[in-house]
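A.B. asks: Predicted structure and sequence below. I'll ask about it afterward.
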Amino acid sequence: MSSISAPDIASLLSLDPYLSPFKSHLDTLYSSYQQTRDRILSLSPSLEEFARSYRDFGIQIQTDNSVRCKEWAPNLARLNLAGDFNHWNKSEYELERKESGIWELVIQPDDKGHCKIPVGSDLRYFCEDKQGNKFDRISPWARYVTQGTRIYFNEVFLPSPQFEWGYKSPTPPRVLYIYESHVGICTPEPKISSYVEFADTVIPRIAKLGYNSVQLMAVMEHAYYASFGYQVTSFFAPSSRFGPPDTLKYLIDTAHKHGMLVLLDLVHSHASNNTTDGLNSFDGSDSHYFLSGPAGKHDQWNSRIFDYTNTDTLKFLLSNLEYWVSEFKFDGFRFDGVTSMLYHHHGVNYSFSGDYNEYFNEYLNQGAVNYMMLANEYLHTKYPNIVTIAEDVSGFPGLCRPVHEGGVGFDYRLAMSTPDLWIKLLKESTTDAEWNVGNIVHTLNNRRYKEKNIAYVESHDQALVGDKSIAFWLMDQEMYTNMSVLSDLTPRIERGIALHKILRLLTFGLGGEGILTFMGNEFGHPEWLDFPREGNGESYHYCRRQYNLADDELLRYKFLERFDGAILTAERDYKWLDRGNGYIYLAHESDKVIVFERGDLCFAFNLHWESFQGYRTQVKTPGKYKVVLNSDAEQFGGQNRVDLSTEYFSYTEGDKFYISTYLPSRTALVFQLCD
């Protein structure tokens, strides 16, 4: 079959002329996507019907109280269901093999019409493969699994009652202010916190601060708690550590009540290597939903790689997307590990320089790209308000352009170079004089034209044990001794608080079209995150977020949280994130001053340890200016060195306009034209 072009590929090529020499590669990708789509539609009446397979597969109660079991397991010779409901009799209920590796069983209700499997029963499949091996598994489609006395999970028969939703999903906001969260660590107590606790404490807090979206990590069930939720074992089961499924629905309904979108951190890039309680080797084969042999194994993550060319794998993954949206009302997804999906080398030991030959070669995983195109096209067609975000470090061109242009279809990509910029700068610089402001503004402003980015200062990985948050890199051990307003403001704390504010405003001002904060970073959470494990005596002491620090009026954390809220308020009032890239007026190396225009605002940053009087600051439009955001304000823990009543009148030099400003040391100012 000859390749075909995407209908609007001319739009993509006009936005990115460097793609023109690679048009044949784009045509091949789009043709393969169309072939995959056509293959699905030859087997199913519609993509929607195909993606509703979760309603058909697994162990499900029917309206007449019978229980239907249906699984795809082509390598099995025998498949039996047992549980505490039948005293674990492994031979009583045997599934019948149908065509194409499908197995089915219907357990009729008892004589009184009651379901034979009581609610809360533990269930497992007992299997024998074609090679004669015997083993037990849980259904790949299990919707609730729990860890009992055994270290692995059992499926729990828990037909969901009809949850009464109180609130509709809100209309997507103009831009995203995302609060990235892990439910289990959401309280100051050293324990596993619950969906209900998150809903009742964190949601109101961050809504008040100004966030309009919450991104939930570790929702998809995972046997290893310390994996941060990225070693998924049950793709359709909300993690039972945090409560039953209906309490997750309560959390999402509460977020919608506060006008917030809820995004799921989705892991379709790989799956846990577990067999007893995972998806791996469900039918005893090396393949099943995965690639066989070395190609099906991610050595760095010790996990399995999906076979994105397999129709049954696509059915499983697309159904998973539909399940989370239709059953739980998630408003979108952050696709984890997109770089690993894009390339057969998974981005491991591979450096991307921006050369387009690094993207379009034999390493490109065409099947995975086709799946992401299919997923985005399906979601955006059925749910026009859905939000999809790609975690890709490679900068793959067209990732965030529509499928009809030949793109992959995501709405946003994470600006992953920014956290790397800050952490490298803080780790490697011995003095502030070494900060290269030209490199800072280049990194923040360097993104693909018309492909939206989510800007963030630090990643959740930096919160993990062995690394440090930005606040701790800046202030280190003094955070334990000098964060009280009753103690002296030491040079390290003064510098740390000032630069923490500057880094956040600079990143959010210049670095993207949406913003993201990992929970606790908005107020400079002082400690790393260490999940309970053998190496720390299974302790939960560091497995928590201490919001009490920001609430304590005697501690300086409150200043950082206030400034975070002020940034969100300013963006909401003056709207710069959706106004294109910032225009850089100045990146002065010796002065350490950065000035740029974005939207109708002028941003001025002095990263220097000295103040500047009468600093010539370029503006776009002549007129009178005022300060609308000042990081040095007393309410933000600053020294209040800027008089907010001052009016700044522009003057002309040649064909440019300037205002004369006072730029205190380590201060950020935002100016607005007011006349």
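C.D. replies: Yes, it's here.

A.B. asks: So which residues make contact with the strand or helix carrying Ala550?
C.D. replies: Here Ala550 sits within helix 547-551, counting by DSSP states H and E. Helix 547-551 has contacts (Cβ atoms under 8 Å, 6 or more residues apart in numbering) with 187-188, 201-202, 205, 483, 520, 523, 525-526, 555, 557-558, 560-561. Where you see a C-beta, it was placed from the backbone N, CA and C, and this is true even at glycine.

A.B. asks: Go ahead and confirm Gly565 touches Gly210.
C.D. replies: Yes. With contact defined as Cβ atoms under 8 Å, Gly565 counts as touching Gly210 (5.4 Å).

A.B. asks: For the helix holding Ala550, what does the pLDDT average out to?
C.D. replies: In this model, helix 547-551 has a mean pLDDT of 97.

A.B. asks: Enumerate the positions of it that are buried.
C.D. replies: Tyr547, Leu549, Ala550 (16 or more other Cβ atoms under 10 Å).

A.B. asks: Tabulate the CA atom coordinates of that helix in CSV.
C.D. replies: Extracted in CSV, the C-alpha atoms of helix 547-551 (Å, rounded to 0.1, in the frame of the first residue of the first chain):
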residue,chain,number,x,y,z
TYR,A,547,1.5,21.5,54.9
ASN,A,548,1.5,22.5,58.6
LEU,A,549,4.8,24.3,57.9
ALA,A,550,3.1,26.7,55.5
ASP,A,551,0.2,27.2,57.9
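
A.B. asks: Kindly write the PyMOL command that selects the buried subset of the contacts of helix 547-551.
C.D. replies: Selecting the buried subset of these in PyMOL, with 16+ other Cβ under 10 Å as the burial test, is done by:
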select buried, resi 187+202+205+483+520+523+525+526+555+557+558+560+561
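
A.B. asks: I'd like to know which elements the secondary structure element (helix or strand) that Leu13 belongs to is packed against.
C.D. replies: Under the criterion of DSSP H and E, Leu13 resides in helix 9-15. Other elements packing on helix 9-15 under the criterion 3 or more Cβ pairs under 8 Å, 6 or more residues apart in numbering; DSSP states H and E are helix 23-43.

A.B. asks: Rounded mean pLDDT for the helix it packs on, please.
C.D. replies: Mean predicted confidence for helix 23-43 is 97.

A.B. asks: Go through whatever helix or strand comes next after it and flag the buried ones.
C.D. replies: Note on helix 23-43: by DSSP H and E, the next helix or strand toward the C-terminus is helix 47-51. Buried positions in helix 47-51, judged by neighbour count with 16+ other Cβ under 10 Å: Leu47, Phe50, Ala51.

A.B. asks: Same list (the residues you listed) but as JSON lines, adding distance to Gln62 and pLDDT.
C.D. replies: Shown next, in JSON lines, are the buried residues of helix 47-51 (distance: Cβ to Cβ, whole Å; pLDDT from 0 to 100):
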{"residue": "Leu47", "distance to Gln62": "25", "pLDDT": "97"}
{"residue": "Phe50", "distance to Gln62": "21", "pLDDT": "98"}
{"residue": "Ala51", "distance to Gln62": "21", "pLDDT": "98"}
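
A.B. asks: can you list those in CSV and add distance to Gly347?
C.D. replies: As requested, those are exported to CSV (distance: Cβ to Cβ, whole Å):
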residue, distance to Gly347
Leu47, 29
Phe50, 30
Ala51, 28
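
A.B. asks: before we move on, the earlier item: min pLDDT across the contacts of helix 547-551, which one?
C.D. replies: Within these, Pro526 has the lowest pLDDT, namely 91.

A.B. asks: so the closest residue to that residue other than its chain neighbours, which of the three states?
C.D. replies: In space, and not counting its chain neighbours, Pro526 is closest to Met479: 4.2 Å by Cβ to Cβ, 6 or more residues apart in numbering. What DSSP: H, G, I helix; E, B strand; the rest coil gives for Met479 is helix.

A.B. asks: Relative to Leu505, how far out is Met479?
C.D. replies: 21 Å (Cβ to Cβ, to the nearest Å).

A.B. asks: Tell me where the protein is predicted with low confidence.
C.D. replies: Low-confidence segments of the chain (pLDDT under 70): 1, 149-152, 465.

A.B. asks: try 90 this time
C.D. replies: 1-3, 147-162, 351, 460-468, 527-530, 532-535, 537-538, 675 (pLDDT under 90).

A.B. asks: How about the residue in it that sits furthest from its center?
C.D. replies: Asp111 (49.2 Å; Cα atoms, centre = their mean).

A.B. asks: And it, how far from His87?
C.D. replies: Taken as Cβ to Cβ, the span from Asp111 to His87 is 19 Å.

A.B. asks: do Phe531 as well
C.D. replies: For Phe531, the distance to His87 equals 37 Å [Cβ to Cβ].
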